[in-house]
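Trainee: Build me a model:
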Amino acid sequence: DLGLSSAAAATGERALEAALRAFGPDHVDTHRARIALADARFRAGDFERADRGYATVVEALDRGALGRGPLEGSERAAETERVEALRGRAMVARLMGDDARSRDLRREAFESAMERLGPGAEPTLVAKADLASEPLDPEEREALQREVVNDMRTRYGPDAARALTAEENLAAFLAEIGRTREASEIRERTLPRLRAARGDRHHTTLRSIESLGLMKHFAADFAGAEVLIREAYDGRVAAYGPDAIETLSTASNLAMVLGQLRKDDEAIELYERILPAMRAALGIEHEDTLGAWTNLAQCYNRVERFADAAAALEESLAIKRRVLGLDHTFTQVAMEELAAAYRGVGRGKDAYALGRVPGVHRRDRPPAGRDRPRCRQRGRARSRHRLPQPARRAGRPRARRTGCAAGGGGRGRAPVPAPFARRPRALVRG
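Mentor: Below is the predicted model:
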């Protein structure tokens, strides 16, 4: 809880050795020590060993044949540890991007707890809350989230920490499906109570602070977003350290907001510090890593460090094309930023060649320059994307048709407004 993950892992190893000597490998307290050690390794970023620890508990308890139906005594305690181990494995799978496996593990944990421990047991409620956070059908997920909120309020009270955490999870889901106003109202209502119940440095409080800051960012309140996300970042650094995964994600969001405020030097410094850690912790193909890479290149271009932007984008663009595809926002923004960087360093031909790659243009933008179709009568560019003719004001002369539209049967350009119709052709083309 203090963020001393290495010390926690070392202590967990000693505790597990003591439990093995005192109780043997199949005792409930030994399994509990294994789960505590796996939790510490998960916090330290050692996901592979954490997953092996959780899997050892599940396999050992499955071999023990706990039976079906309600359990009593030590068997009930063992099933509680089995549910905890399944939840741990789901956390690892979710963090590594395997959403299908995470969903299956959390559903297994919930159904097993529901059958063996009962619907009102604490492990059942926690497993239901975990399942409600998975990408299920929206209606099913909202129903589960609201059930969890009501169950937690009934069992622990409306101001209890677990009930407030359930409300924060509901707000996160509503924001995800676009109901941001409801989500913002819930968070503004629960955040002061979360601070009082769990403290300013608890991970649930920090998540609520960061999420509320992101909502302000999406509402274009960048100054308010910076205050909240910076508070969340400082809290995560103090709680988990600067290189923990939670801290890196918050740092990336803070750098994004700084870029929107045009504090590009501070944003660049933050991105350059966290990107190597994100590559090491999440991998070079993770979407969060690729998004931070793209944002860093945008900051480089804004401060006219075009060579640095080109180097960063050339390295990442091939990965984005392969992993995300040409239609993904990160890929298209990266190609546009790379073209701008090429123009900045005087590589106009490379920028032009990049612009001709299929899929580089946004779908809401018409083709530009030499990519536009040509008029066969005079060889002048003519856009396929016709804009609607503005309404003619009273007394305004009718717009003329110029170029190939004159006498062309309506196949040429759209009417040109009168003030521009008599300009010399050289000025129009220039």
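Trainee: for the stretch 1-150 of the chain, which spans come out with low pLDDT?
Mentor: The model of the stretch 1-150 of the chain has pLDDT under 70 over residues 1-3, 64-74.
Trainee: all helices of it, in order?
Mentor: For the stretch 1-150 of the chain, the helices defined by DSSP state H, counting those that start in this stretch occupy 5-23, 28-43, 47-63, 73-95, 99-116, 122-132, 138-156.
Trainee: mind giving me JSON lines with those and columns for mean neighbour count and distance to residue 293?
Mentor: C-beta: built from backbone N, CA, C; applies to glycine. Listed next are those as JSON lines, based on neighbours: other C-beta atoms under 10 Å; distance: least, C-beta to C-beta, whole Å:
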{"stretch": "helix 5-23", "mean neighbour count": "15", "distance to residue 293": "26"}
{"stretch": "helix 28-43", "mean neighbour count": "22", "distance to residue 293": "26"}
{"stretch": "helix 47-63", "mean neighbour count": "18", "distance to residue 293": "22"}
{"stretch": "helix 73-95", "mean neighbour count": "21", "distance to residue 293": "19"}
{"stretch": "helix 99-116", "mean neighbour count": "19", "distance to residue 293": "22"}
{"stretch": "helix 122-132", "mean neighbour count": "23", "distance to residue 293": "31"}
{"stretch": "helix 138-156", "mean neighbour count": "17", "distance to residue 293": "31"}
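Trainee: mind checking which of the ones you listed is nearest residue 313?
Mentor: Nearest of these to residue 313, taken as C-beta to C-beta: helix 73-95 at 27.0 Å.
Trainee: how big is the angle separating that closest one from helix 28-43?
Mentor: 10 degrees (axes from the mean of the first three to the mean of the last three C-alpha atoms, to 10 degrees).
Trainee: out of the helices of the stretch 1-150 of the chain, nearest to residue 282?
Mentor: Taking these one by one with C-beta to C-beta, helix 73-95 is closest: 8.5 Å.
Trainee: could I have the closest one exported to CSV, CA atoms only?
Mentor: C-alpha atoms of helix 73-95 as CSV (Å, rounded to 0.1, in the frame of the first residue of the first chain):
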residue,chain,number,x,y,z
GLY,A,73,-15.4,-24.1,7.3
SER,A,74,-12.0,-24.5,5.8
GLU,A,75,-13.5,-25.4,2.4
ARG,A,76,-15.2,-22.1,2.3
ALA,A,77,-12.0,-20.3,3.1
ALA,A,78,-10.2,-22.3,0.4
GLU,A,79,-12.9,-21.3,-2.2
THR,A,80,-12.4,-17.7,-1.2
GLU,A,81,-8.7,-17.9,-1.9
ARG,A,82,-9.5,-19.7,-5.2
VAL,A,83,-11.8,-16.8,-6.3
GLU,A,84,-9.0,-14.3,-5.3
ALA,A,85,-6.5,-16.2,-7.4
LEU,A,86,-8.8,-16.2,-10.4
ARG,A,87,-9.3,-12.4,-10.0
GLY,A,88,-5.5,-12.0,-9.9
ARG,A,89,-5.1,-14.0,-13.1
ALA,A,90,-7.8,-11.9,-14.8
MET,A,91,-6.0,-8.7,-13.7
VAL,A,92,-2.8,-9.9,-15.4
ALA,A,93,-4.6,-10.9,-18.5
ARG,A,94,-6.4,-7.5,-18.7
LEU,A,95,-3.2,-5.6,-18.3
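Trainee: nearest residue to residue 252 other than its sequence neighbours?
Mentor: residue 292 (4.7 Å; C-beta to C-beta, 6 or more residues apart in numbering).
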